[in-house]
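Take this sequence and fold it.
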Amino acid sequence: MADLRRTKLYDLHLALGAKMVPFAGWEMPVQYPMGVMGEHLHTRAKAGLFDVSHMGQVILRGPDVALALETLVPADIAGLGQSRQRYGVFTNVTGGILDDLMIANKGDHLFLVVNAACVDQDIAHLRKLEALGVSVEPVEGRALLALQGPEAESVLKALVPGVEAMKFMDVAEFDWNGATLWVSRSGYTGEDGYEISIPGERAEDFARALLDHDAVSPIGLGARDSLRLEAGMPLYGHDMDAGVTPAVAALGWSIPKARRLGGTREGGFPGADTVLAELASGPAMTRRGLRPEGRAPIREGVEVFDAAEGGRRIGIVCSGGFGPTVGGPVAMAILPVDLAEGATVYAELRGKRLPVTLTALPFHKPSYKR
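Residues are numbered from 1 along each chain as shown. Predicted structure coming up:
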């Protein structure tokens, strides 16, 4: 793993007994001695600390930066209030998704967080905005931590008074012992919590201060994946990619009325004709939830059929695994929209077709602070 990058918390991960794996060009903790199941349940019950420093952090500046970004992202950036953030996607010329990202309005600039595997391509894509007078500044030297779970607020406010006043998708800056924290009340687990950008040289001290609290345990990539799956959240490169449109990915909600057909700022982003027409007429296929019978999980790549024998293939599982909170396997697949919730379809696993039930997403109800 010599060519892999390491976050500022690498030594701490080793000290905590983490099993390290390659992930998106980084050496990352997949689990700690508690194990994936224990870490998952701990996050749902108390508070989990995640190192997400592999994610890309980017600052955009310019006189019309919000409108400029709308030429790449079909979200309402111009209407995003100061100290608020919003989810969005980059689209390509055919309407497919290049990546998904978080966009925060910090007043005199926008702050973006993008996926680790897509950082280089996203920055190259964003540089198209330089022709519109936007400066694109990749953030170097800062770590990114996520504190997630029902006790996240009580833990963090003891170190950083004031964070308790934040609501879901608020962003703010705080001081912690001379270090400036960029905090958002958001995350990727379906739980209340925060994401905190901190100068890299202060990251380990801050992480240790959080871990000193009895409610906090370190959480690896394994539980991060099962938590987001239960929360019905898509993962780039699995549930969406350059060949999947926002409507098919069930992300049409991220494209508001203002950017749709007849809206005040209709279109103007790559693939707009395809994306907006599909949203207006409704897609033939979209991302759906599945609950297999029994305890055996069905995983990515498993084919889904409309009959126990014969019939036709109607989709492929894009994410799947065991849901510790729901007490059984859960999965997501892109399937026909006309299939009713509660319908039975069949997943072909090792030559056998197993009945699975079409289920509403998410599998676990989120508990955000509104």
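
Where do the domain boundaries of this protein fall?
Per automatic domain parsing, the domain ranges recorded for the chain read 10-54+140-230, 284-370.

JSON lines for the ones you listed, including mean pLDDT and distance to residue 111?
Backbone N, C-alpha and C define where each C-beta goes, glycine included. Shown next, in JSON lines, are these (pLDDT from 0 to 100; distance: least, Cβ to Cβ, whole Å):
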{"stretch": "domain 10-54+140-230", "mean pLDDT": "98", "distance to residue 111": "7"}
{"stretch": "domain 284-370", "mean pLDDT": "95", "distance to residue 111": "20"}
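
I'd like to know which of the ones you listed is closest to residue 96.
Residue 96 lies closest to domain 284-370 among these, at 12.9 Å (Cβ to Cβ).

Now do the end-to-end distance for the closest one.
33 Å (Cα to Cα, to the nearest Å).

what's the answer for stretch 222-241, then?
Termini of stretch 222-241 sit 21 Å apart (Cα to Cα).

buried set for stretch 206-213?
Across stretch 206-213, burial judged by 16 or more other Cβ atoms under 10 Å covers 206-207, 209-210, 213.

List of residues touching that stretch?
Contact partners of stretch 206-213, identified using Cβ atoms under 8 Å, 6 or more residues apart in numbering, comprise 9, 12, 16, 47, 49, 51, 145, 147, 155-156, 158-159, 176, 179, 196, 198, 216-218.

that older thread, in helices, which of the buried residues of stretch 206-213 fall?
Residues of these located in helices (DSSP state H): 206-207, 209-210.

Closest to residue 168 out of the residues you listed?
The closest of these, once distances to residue 168 are taken by Cβ to Cβ, is residue 210, at 20.3 Å.

before we move on, back to that, tell me the one among the buried residues of stretch 206-213 nearest to residue 189.
Nearest to residue 189 among the buried residues of stretch 206-213, with distances taken as Cβ to Cβ, is residue 210, at 15.7 Å.

among the contacts of stretch 206-213, which are in strands?
With DSSP state E as the criterion, strands contain 47, 49, 51, 145, 147, 176, 179, 196, 198, 216-218 from among those.

The residues you listed: which two are farthest apart?
Using Cβ to Cβ, these reach their maximum pairwise distance at 179 and 217, which is 23.0 Å.

more crowded one of those two?
Legend: neighbour count by other Cβ atoms under 10 Å for residue 179 and residue 217, higher for residue 217 (21 against 14).

Got the phi and psi for the nearest residue to the more buried one once chain neighbours are set aside?
Leaving aside its sequence neighbours, residue 217 sits nearest to residue 42 (Cβ to Cβ, 6 or more residues apart in numbering; 5.0 Å). Note on residue 42: its backbone torsions stand at phi -60, psi -40 [degrees, to the nearest 10].

mind listing what the residue nearest to the spatial centre of the chain touches?
The chain has residue 188 as the residue nearest its centroid, 5.1 Å off, counting by Cα atoms, centre = their mean. Residue 188 makes contact with 146, 148, 224, 227-228, 231, 233, according to Cβ under 8 Å, 6+ apart.

can you check residue 326 too?
Residue 326 touches 230, 363-364, counting by Cβ under 8 Å, 6+ apart.

Just these: which are in helices?
Checking the contacts of residue 326 against DSSP H, those in helices are residue 230.

Name the nearest of the contacts of residue 326 relative to residue 274.
Using Cβ to Cβ, these come closest to residue 274 at residue 363, 30.1 Å.

neighbours around that closest one, how many?
By other Cβ under 10 Å, 21 other residues sit near residue 363.

Would you mind confirming that it is in contact with residue 324?
No - Residue 363 is beyond contact range of residue 324, at 11.0 Å (criterion: Cβ atoms under 8 Å).

which residues are common contacts for these two?
Residues touching both residue 363 and residue 324 (Cβ under 8 Å, 6+ apart): residue 230.

Longest strand of this structure, counting residues only.
strand 313-323.

Keeping just the C-alphas, turn stretch 11-29 into CSV.
Extracted C-alpha coordinates of stretch 11-29, given in CSV (Å, rounded to 0.1, in the frame of the first residue of the first chain):
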residue,chain,number,x,y,z
ASP,A,11,-1.3,6.9,13.3
LEU,A,12,-4.4,7.3,15.5
HIS,A,13,-6.3,4.6,13.5
LEU,A,14,-3.4,2.2,14.0
ALA,A,15,-3.3,3.0,17.7
LEU,A,16,-7.0,2.3,18.0
GLY,A,17,-6.5,-1.1,16.3
ALA,A,18,-8.1,-0.3,13.0
LYS,A,19,-7.9,-2.7,10.0
MET,A,20,-6.7,-0.6,7.1
VAL,A,21,-7.7,-1.1,3.5
PRO,A,22,-7.2,0.7,0.2
PHE,A,23,-10.1,3.0,-0.7
ALA,A,24,-10.2,5.6,-3.5
GLY,A,25,-6.4,6.0,-3.4
TRP,A,26,-6.2,6.3,0.4
GLU,A,27,-5.3,3.9,3.2
MET,A,28,-8.5,4.0,5.3
PRO,A,29,-9.9,2.2,8.4
